[in-house]
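Trainee: here is my input; please provide its structure:
(one chain, ligands or ions: 1)
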Amino acid sequence: MEDNAITMAGAITDAKGNRSLRPSQQANKDSNLHVKEIRPDSIVLRGYKCQICGVAAAHEIICLPGSGYGDTEKDFCVAAAITRDIEGLTIVETRRPSDARDEEEGWDVRKAGNITQTFLIFEDVFVPNDRVFMCDEAKYTGRLLMTFTSIYSAAIGACVAGQGDIMIGAAINMARANGLSMKPFQDKLVQMAINNEITFGLGLGAMMRGKKQASGLFVPDALLAHANKTQVAKLPYETKVIAQDISGGIAETGCFPSYQDIQSPAYGKQILAALTAGADGETRARAARLVEWLTVGGGIPGCMHGGGSPDGARLVVKAMTKWEDYAAEARRIAGITSELADSAPAKK
Ligand SMILES: Cc1cc2nc3c(=O)[nH]c(=O)nc-3n(C[C@H](O)[C@H](O)[C@H](O)COP(=O)(O)OP(=O)(O)OC[C@H]3O[C@@H](n4cnc5c(N)ncnc54)[C@H](O)[C@@H]3O)c2cc1C
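Mentor: Reported below is the predicted structural model:
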C-alpha cells in the first residue's frame, strides 16, 4: 500500500447497539458489521460502522472486527478491504457543531486539521475472496485488535503533543495581544509543555520498544502504548484549559463578534477599537479565534475515544503489568520470607 501511495481508512468501530449485549444478542444484527453470506468466490457484508476517519480521502476502507470475539460471534469476525465506491455502501459524512464556522468568512474559517468522519452503511456489499483477510476466525480477533490499538495509542501521543505545541504558541500570542508577557504565565506554560512531552515521550518509548513481526510490520510495546492512551485522554484537556485561562474570555466560544461583523461599515471600526489591547484589534481577534478553534472547536476530537476508550486501555495496562513480580521483588528487598498471598479469592 505504501509503495503504491494507496491511502486507507480503518473501519473498526461498529454502531454496537446495546453495550451490555454481545453482537449476536442485538435486536438488530446490523448494529455490527457481519458476514451475511459466504459464497464460493465472495462474502456478503451488512451492518453499520461509525466514526470512521478519512474515508473521503481513502482509496481503500479496511474493515476489521470491532472487538475481540469468541466463537459465538463468528459472523462478526471479518476483515476485508473494500473500495470507497463499492456497490451497496453508503457513506454519510458527519458534521460537528464546530463546522458552523465553515459558513463564515475570512479568518473565522477553520485553519487546518479538518478531519472527516463518516458513518458507513453496508447493505449487501459483495467482497471477492482475494480482498478478504479474515472470515469466521474468532480466535485471531483479540490479537488483531491489540495490534491496532498498540499502533494507534503510540502514534496519538505525538499527534496530541503537536496540537499542544500550537496551543502553547497560541496562548503566548494571546498573552501578548492582551498587553501582557509570558512571565506571569510561565508556570502554566511549563505545565503545558510537560503535558505535551509526556504523551510524546510515552508514545515514542512504546515505538522504540516495538517488535518486528514476521510480516515485517513493527508493533509498538502494548503496555507503554496503552499507558500512553490513558494520558492522551487526560492531559490535552488540561492543556486546553490552561490555554483558555491564559487567553481570557475572548478566546472562549462565542465571546467576540464574527469576521462579518467586523467588516460592517456601520460598527466594524468600533469593534476593532474595542478589541484593541496589547495589539491592534484584528491581531487580537485572530489570535483569539485560533485559541477558540484549538480548545472548543475542531482541535478537540480524538483525545478521549479515538483509537478506543481509555477504560479499554486501562484493561490492557491491568492485564500486562507484572503485579506479582513486583510484589515478590518488594518482599525480597524488605526481607519478607512469607508468601504474603492476596486475601481476595481468586477469580474462577
Ligand atoms: C475523533 C475520533 C476519530 C475516530 N476515528 C475512528 C476511525 O477512524 N476508525 C474507527 O474504527 N473508529 C474511530 N473512532 C471510534 C472510536 O474507536 C470509538 O469511539 C471508541 O472505540 C469508543 O467506542 P464508542 O464510541 O462506541 O463508545 P462506547 O463503547 O459506547 O463507550 C462509552 C463508554 O462506555 C464504556 N463501555 C462501553 N461498553 C461497556 C461495557 N460493556 N461495560 C462497561 N463499560 C462499557 C467505555 O469504556 C466508555 O467509557 C473515532 C473516534 C473519535 C472520537
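Trainee: show me the shaky parts of the stretch 51-200 of the chain.
Mentor: 95-115 (pLDDT under 70).
Trainee: that one: helices as residue ranges?
Mentor: 141-177, 186-208 (DSSP state H, counting those that start in this stretch).
Trainee: and the residue lying closest to residue 211 once chain neighbours are set aside, what does it touch?
Mentor: In this structure, residue 211 finds its nearest non-sequential neighbour in residue 219, 6.2 Å apart by Cβ to Cβ, 6 or more residues apart in numbering. Just so you know, the C-beta spots here come from the backbone N, C-alpha and C atoms, and that holds for glycine as well. Listed by Cβ atoms under 8 Å, 6 or more residues apart in numbering, the contact set of residue 219 reads 147, 150, 151, 210, 211, 213.
Trainee: just to revisit the earlier point, and the helices of the stretch 51-200 of the chain, which is most packed in?
Mentor: Across the helices of the stretch 51-200 of the chain, the average number of neighbours (mean count of other Cβ atoms under 10 Å) peaks for helix 141-177, which reaches a mean of 21.
Trainee: is any part of that helix close to the ligand?
Mentor: No - Helix 141-177 stays clear of the ligand (Cβ under 6 Å from any ligand atom), getting no nearer than 8.5 Å.
Trainee: what's the separation between residue 144 and the ligand?
Mentor: Separation of residue 144 from the ligand (Cβ to the nearest ligand atom, to the nearest Å) stands at 13 Å.
Trainee: which ones are touching that residue?
Mentor: Counted by Cβ under 8 Å, 6+ apart, residue 144 has contacts 64, 65, 79, 134.
Trainee: same thing with residue 116?
Mentor: Taking Cβ under 8 Å, 6+ apart, one finds 53, 54, 55, 56, 57, 93 in contact with residue 116.
Trainee: and those residues near the ligand, which?
Mentor: Answer for those near the ligand (Cβ under 6 Å from any ligand atom): residue 53.
Trainee: buried members of the contacts of residue 116 into PyMOL, please.
Mentor: Restricted to buried positions by 16 or more other Cβ atoms under 10 Å, the PyMOL selection for the contacts of residue 116 reads:
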select buried, resi 53+55
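Trainee: residue 17 in helix, strand or coil?
Mentor: coil (DSSP: H, G, I helix; E, B strand; the rest coil).
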